[in-house]
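Chemist: All I have is the shape, not the residue letters:
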């Protein structure tokens, strides 16, 4: 929670002051990608909590800037409700598919392999950071 609070307040403020969005979304996903391996390989509870805080920081920055990026690139004001609905589906779909992916990963790895799950999550986060580069219409 602390990471999310700091990230959302700080990320949103700095993004608004600089007028830049893409760099903050990419930075947020890279922070999350750093936090997941910390969780995956945490030798003790304290290190696990540090990893969770790092992931929370990235999520907080992402939450505060992502919607601003989306509204910057909407193609038509008249269709903004429909477009934001599509954005909402795109935002919720990974959260809906992830449990099925986790179950499949656990089945393939013959048990609950949370280390592999967090490494996969870090890889998807890096992919997300790269994908932001191709967003047009916003800085």
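Modeler: That came through fine. Small disclaimer: the values here were computed from a predicted structure and weren't measured.
Chemist: Please state the offset of the helix or strand residue 15 falls within from the chain centre?
Modeler: Element membership for residue 15, per DSSP states H and E: helix 2-18. Relative to the mean C-alpha coordinate of its chain, helix 2-18 is positioned 14 Å out (CA atoms, centre = their mean, to the nearest Å).
Chemist: From the contact counts, what lies against that helix?
Modeler: Packing partners of helix 2-18 (3 or more CB pairs under 8 Å, 6 or more residues apart in numbering; DSSP states H and E): helix 22-40, helix 45-72. All C-beta spots, glycine's among them, are computed from the backbone N, C-alpha and C.
Chemist: What lies in contact with the shortest one?
Modeler: With contact meaning CB atoms under 8 Å, 6 or more residues apart in numbering, helix 22-40 is reached by 7, 11, 14-15, 47-48, 50-62, 65-66, 69, 114-115, 117-119, 121-123, 125-126, 128-130, 132-133, 135, 138-139.
Chemist: Okay, buried residues for the helix holding residue 15 please.
Modeler: Within helix 2-18, the residues that count as buried by 16 or more other CB atoms under 10 Å are 3, 4, 7, 8, 11, 12, 15.
Chemist: Next: stretch 97-117.
Modeler: 102, 113, 117.
Chemist: With that, I have no additional questions.
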